[in-house]
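Peer 1: Pasting a predicted model and its sequence here:
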Amino acid sequence: MAIREILLYPQHSAALRRKSEPIASFSASVKRVIRDLKDTLMSRPDGVGLAAPQVNVHQRAAIVRLRAGPSRQGSEAGPPVALINPQIVEARNEQKDSDGCLSFPGLYGRTIRPHYLRVSGLDEQGRPFDWVFESFDAVVVHHEIDHLDGVLFIDRIEGLEDLYRVHADGSGHLVRAPVKLPVPLGRE
């Protein structure tokens, strides 16, 4: 179980911008990528999603930790779920919400993303699925599918005022701090 290094922007901008190829068959190497993605995500307590391009693998595979579902209660993320060759079938109810990325440690932003998402693809056993994601789960899944298409959350930031960092103040409370330039915005 190798835990891979997550690619950071801008040092790895070319790799993070590369569009991923569909997975044609469930070979041992694909199963290993899924296992590595799960292990890597679970090693990051602040992570709720990870896409293969973030570990420099350009195949259409992503892992998400969902907060909703029949067995989920509250806001704690569940176990990692694999999305293979995910395709958005329907997206609606776009809203501005918080966004962040393991490839941009400590950087957050307000992006507009669908809060209703219907996605088809394959699960980690290669079985077809057609799932609906709502609320923050839809945001997470949309974010990871963007990674598979070479799109980063900073591409969805409308202005510098929507970017922020989070840090502890003198009392230990988490507060948002505005981001100062230079921060790479948009595609290069």
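Peer 2: Cool, the structure landed. Residues are numbered from 1 along each chain as shown.

Peer 1: Relative to residue 108, how far out is residue 9?
Peer 2: Here residue 9 is placed at a distance of 14 Å from residue 108 (CB to CB, to the nearest Å). Every C-beta, even on glycine, is put in place using the N, C-alpha and C of the backbone.

Peer 1: which residues touch the residue nearest the centre of the chain?
Peer 2: Residue closest to the average C-alpha location in the chain (CA atoms, centre = their mean): residue 144, at 3.5 Å. Going by CB atoms under 8 Å, 6 or more residues apart in numbering, residue 144 touches 49-51, 62-64, 83, 86.

Peer 1: so it, which of the three states?
Peer 2: When classified by DSSP: H, G, I helix; E, B strand; the rest coil, residue 144 comes out as helix.

Peer 1: excluding its backbone neighbours, what's nearest it?
Peer 2: residue 62 (3.9 Å; CB to CB, 6 or more residues apart in numbering).

Peer 1: who's the one you found bridged to?
Peer 2: Counting by DSSP bridges, residue 62 is bridged to residue 51, residue 83.

Peer 1: my guess is it contacts residue 37, does it?
Peer 2: Yes. Using CB atoms under 8 Å, residue 62 is in contact with residue 37, at 7.4 Å.
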